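In: 3D, please:
(one chain, ligands or ions: 1)
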Amino acid sequence: IIEMGIPQRSVITTCAYCGVGCSFKAELNGDELVRMVPYKHGKANRGHSCVKGRFAYGYATHRDRILKPMIRDRIDAPWQEVSWDEALRFAADKMRGLQETYGRRSIGVITSSRCTNEETYLVQKLARGVFMNNNTDTCARVCHSPTGYGLGQTFGTSAGTQDFDSVEHTDVVIVIGANPTDGHPVFASRLKKRLRAGAKLIVIDPRRIDLVKSAHVRAAHHLALRPGTNVAVVSALAHVIVTEGLMDEGFIRDRCDWDEFLDYAAFISDPRHSPEATEMLTGVPAADLRATARLFANGGNGAIYYGLGVTEHSQGSTTVIGIANLAMLTGNVGRPGVGVNPLRGQNNVQGACDMGSFPHELPGYRHVKGAEVRGIFEAAWGVTIDPEPGLRIPNMLDAAVDGTFKGLYCQGEDILQSDPDTRHVAAGLAAMECVIVHDLFLNETANYAHVFLPGSTFLEKDGTFTNAERRINRVRRVMAPRNGHADWEVTQLLARAMGADWNYTHPSQIMAEIAATTPSFAGVDYAVLEEKGSVQWPCNAEHPEGTPLMHVDGFMRGKGRFIVTEYVATEERTGPRFPLLLTTGRILSQYNVGAQTRRTANVAWHQEDVLEIHPHDAEVRGVKDGDFVRLASRAGQTALRAQITDRVAPGVVYTTFHHPDTQANVITTDFSDWATNCPEYKVTAVQVSLSNGP
Ligand code: SF4
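Out: Residues are numbered from 1 along each chain as shown. Model prediction:
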């Protein structure tokens, strides 16, 4: 059979890259994974996939994997390989010692949007039930935390309103701050199919992304706004809709708080929000803004899809609120073809947020200050939960530099490479007395670690991921963990080493605990997932089949809330020294900092980061296509090759952040979203000059 190339067996599982959540058949000969075949019954992908899910799985068996635990007393000492028992004892003693010396709240955890729901649930349980504090945060902090805040405030819950199928009923689509072709390729294909069938497209992005003009797809409008002016653009659209009487008054009266709408309408009608008043600020012609608003309001079913170009700003939460306002103004919530849809970058961003990874929220987005909610988990866990919200990632790093935060357990996240202002992250890590990195590879953060616990890949464990449409998909073990333990087992072993009495023998038991404590998951268990393939939360007695569309008869919070969205300019300013604005994004073949995609055998994944620069800006600097250039900001500098293109406007440059050599986050500032501290990755004032090399 092997000689004929026919696999001996296959396992259905879920892609661990982006938030589309494609299902795959992992085909094996013996213990060797020979092929990932898109699964035709996968509800998110229906037999389709992109190159990453299909081919970029070689990292699971890459020689760089660390398979043995390691410890060291000082970060400048060599690593020492030890047994799991010794490593966990060392880690537990260090963390307990720090709490005895510096207090209960001196240590914390960072969970990962790459890990399963069950794993992230256990890590926040470790913080709350074993460390006895709420110092738990997730890498969603640096991507979609403004979605949590904005949609929570307006609609009542932090989640996209639609399923992917909904796009087939859409008449007019706004894509703002997202590049689905590269970031969410399988969803992009479905969107393009709908556009080819006649739906209208509006792109709001500083860069001319592929969707603006690709095969048989043309955007009706491309609003190439100046980076950092999302709020002003969204407000200008709302201004036109309100002042020209294009809103859906029946929807607003029935479904939204009318008094709050009147306050909002008075605010947004002010002439300072008009397209004409904001044209200079945003760089978008007033006529385009007016035409776009009219198209969205009058074009039938209107849907909004957005990404990190919305959230990773100092006003990320304000823009999310503005997008929700637009949807409510036009009555575009609660039926197929409409809605507000955050495109989640990582495979389990939605799940990490759902599972209570945030320092102020227990699973199911319930505030930790609520005694009744704490009581549910206290009864289930047999502990007393700290009522004080804990520290966010940037606060942990600040507190470390100040000397009050001393120990960190970081699962599946390379904060040194992923988080903004690398020098500050390094200073925070260096100031800690115990950093436990739990990962596949010796990543950049591990340079500051005292304990390294080998992680497992998605191919080596059971569990669930929740995709961008709230779909809970099964992850199934394809091969035995090469490091000896799935990640949930490692967290459990660490908890036990610190005295906890945890006895899970399978992730299904963890999901049973989640269902028992979290109403929106009450109907989720592994038997249901086997039977249905997947379900979308809320899934409970009220919605036994799950919930493809949210807010159908009413918003989760009751009445939808209009909230005013005052534009406040970012503190990051251009000037003579730093006259250009840098914004960042992804390419199709790479994934985030490239830890997985760069470790595949296929050379297609070895593309370098380049700096896109407009021909005019290149010419005045004497830069030719392919030249090495120095890219400098107030925070730091790096060097990379220039690519001259009019995809970016004059005054704007663009790069990706996939390679550690480029270190794009050395450049980015430490400004962040006012509500959530999500870093402002998308706006950095920079200078570009010729360089001799990398
Ligand atoms: Fe994986 Fe996303 Fe590609 Fe699907 S679209 S195969 S989930 S990376």
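
In: who's in contact with the closest residue to V475 other than its chain neighbours?
Out: Leaving out its chain neighbours, the residue that sits closest to V475 by C-beta to C-beta, 6 or more residues apart in numbering is G463, at 4.7 Å. Bear in mind the C-beta positions are built from the backbone N, C-alpha and C, glycine included. G463 sits next to C115, T116, N117, E118, E119, R474, V475, A486, W488, P507 when contact means C-beta atoms under 8 Å, 6 or more residues apart in numbering.

In: same thing but at 6 Å, please
Out: By C-beta atoms under 6 Å, 6 or more residues apart in numbering, the contact list for G463 reads T116, E118, V475, P507.

In: So which of the residues you listed are in strands?
Out: V475 (DSSP state E).

In: got the contacts of G463 as JSON lines, with distance to the ligand and pLDDT columns?
Out: Output for the contacts of G463, formatted as JSON lines (distance: C-beta to the nearest ligand atom, whole Å; pLDDT from 0 to 100):
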{"residue": "T116", "distance to the ligand": "15", "pLDDT": "97"}
{"residue": "E118", "distance to the ligand": "19", "pLDDT": "98"}
{"residue": "V475", "distance to the ligand": "12", "pLDDT": "97"}
{"residue": "P507", "distance to the ligand": "20", "pLDDT": "97"}
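
In: ok, the contacts of G463 vs R573, which is closest?
Out: If you rank these by distance to R573 using C-beta to C-beta, T116 comes first, at 42.3 Å.

In: how far away is the residue nearest to V475 from S456?
Out: From G463 across to S456, the span is 10 Å (C-beta to C-beta, to the nearest Å).

In: I'd like to know which of the contacts of G463 are buried.
Out: T116, E118, V475, P507 (16 or more other C-beta atoms under 10 Å).

In: Which members of the contacts of G463 occur in helices, if any?
Out: Using DSSP state H, the members of these that fall within helices are E118, P507.

In: and the contacts of G463 as JSON lines, adding distance to V688?
Out: JSON lines is the format used below for the contacts of G463 (distance: C-beta to C-beta, whole Å):
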{"residue": "T116", "distance to V688": "42"}
{"residue": "E118", "distance to V688": "46"}
{"residue": "V475", "distance to V688": "43"}
{"residue": "P507", "distance to V688": "48"}
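
In: wait, which of the contacts of G463 is closest to D171?
Out: D171 has its nearest neighbour among the contacts of G463 in V475, at 35.6 Å by C-beta to C-beta.

In: G546 belongs to a helix?
Out: No: read with DSSP: H, G, I helix; E, B strand; the rest coil, G546 is coil and lies in no helix.

In: partner residues bridging the nearest residue in space to it that is not next to it in sequence?
Out: Excluding the flanking residues, the one nearest G546 by C-beta to C-beta, 6+ apart is V535, at 3.7 Å. The partner list for V535 in beta bridges (DSSP bridges) reads I472.

In: which is the next helix or strand following the lowest-mean-pLDDT helix or strand in the chain?
Out: Sorted by mean pLDDT, DSSP states H and E, the helices and strands of the chain end with helix 664-667, the least confident at a mean of 74. As assigned by DSSP states H and E, the chain's next helix or strand after helix 664-667 is strand 684-690.

In: So which other helices or strands are in contact with that next one?
Out: Contact partners of strand 684-690 among helices and strands, from 3 or more C-beta pairs under 6 Å, 6 or more residues apart in numbering; DSSP states H and E: strand 580-585, strand 628-633.

In: what angle separates it from strand 628-633?
Out: Note on geometry: by axes from the mean of the first three to the mean of the last three C-alpha atoms, to 10 degrees, strand 684-690 and strand 628-633 are set 150 degrees apart in direction.

In: which SS class is the closest residue to the ligand within the chain?
Out: Of all residues in the chain, G53 sits closest to the ligand, at 2.4 Å by C-beta to the nearest ligand atom. Secondary structure, three-state DSSP: G53 is helix.

In: ok, it touching S23?
Out: No: in this structure, G53 is not within contact of S23 by C-beta atoms under 6 Å, at 9.5 Å.

In: which bits of this structure sit near the ligand?
Out: 15, 17-18, 20-22, 45, 49-50, 52-53, 184-186 (C-beta under 6 Å from any ligand atom).

In: ChimeraX command to pick out the buried ones of these?
Out: Buried subset of those, written as a ChimeraX selection, criterion 16+ other C-beta under 10 Å:
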select :15,17,18,20,21,22,45,49,50,52,53,184,185,186
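
In: Just send the residues of the chain next to the ligand back as TSV, with pLDDT and distance to R9 too.
Out: As requested, the residues of the chain next to the ligand are exported to TSV (pLDDT from 0 to 100; distance: C-beta to C-beta, whole Å):
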residue	pLDDT	distance to R9
C15	95	19
Y17	91	24
C18	91	27
V20	94	26
G21	95	23
C22	96	20
N45	95	22
S49	92	20
C50	91	25
K52	87	24
G53	87	20
H184	92	30
P185	92	28
V186	95	25
